[in-house]
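>>> here's my sequence, what's the structure:
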Amino acid sequence: MVKRGRKRKDGYTLYRRSDNGSFAMRISLPGHLQFRFGLGTFDETEAKALADEKFLETKILAKNELLPGVASFDVLAGAFLQVMATKAENDPSRLKGYRYSKGVVERYLVRFFGRAPVTVIQHKQLMEYLDWRSTYWTEGPGVGEKWIYYQRAGISVVSAGA
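Next comes the predicted model:
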């Protein structure tokens, strides 16, 4: 239960919760869900400052399509790999790290988490991933792979799978 708040010109509504009296805020951005945040303060001045900060942070996340519930794991993984590729282009010493990360992310992480929203990935799902990963080559999807393709020292190498 909340008390009705006034919508500010800034684009959010600041209000006091009726159950404990602390301040909270509600943000409505066009094309996105409504977001509610508890500000954890009873002081109105401090609440306004925290709300301004949280509103700007949420707008930036919305602009970059990184809001909770919107971004799927595979999209964020692709963005991560793109950043790593750009860094590797600018600094060749990072190329090895990029290649390793790309293999792990594409072969294991994206295959397991897929299009799941990042907000649903919690401790339980991480433990399930570790179990899945430990049996990937023996009982999981990797059991049918006959060959593993990779590059070493600029040469394409084919290795026998599991």
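
>>> for stretch 122-142, measure first residue to last.
This stretch, stretch 122-142, spans 25 Å end to end (Cα to Cα, to the nearest Å).

>>> how about that stretch: buried residues?
Residues of stretch 122-142 classed as buried by neighbour count (16 or more other Cβ atoms under 10 Å): Arg133, Tyr136, Gly140, Gly142. To be clear about C-beta, it is placed using only N, CA and C from the backbone, and glycine gets the same treatment.

>>> which strand or helix spans Glu128?
Assigned by DSSP states H and E, Glu128 belongs to helix 123-134.

>>> so which other helices or strands are in contact with that helix?
Packing partners of helix 123-134 (3 or more Cβ pairs under 8 Å, 6 or more residues apart in numbering; DSSP states H and E): helix 110-113.

>>> quick one on the thing from earlier: what does the helix holding Glu128 contact?
Tyr108, Leu109, Phe112, Phe113, Ala116, Gly140 (Cβ atoms under 8 Å, 6 or more residues apart in numbering).
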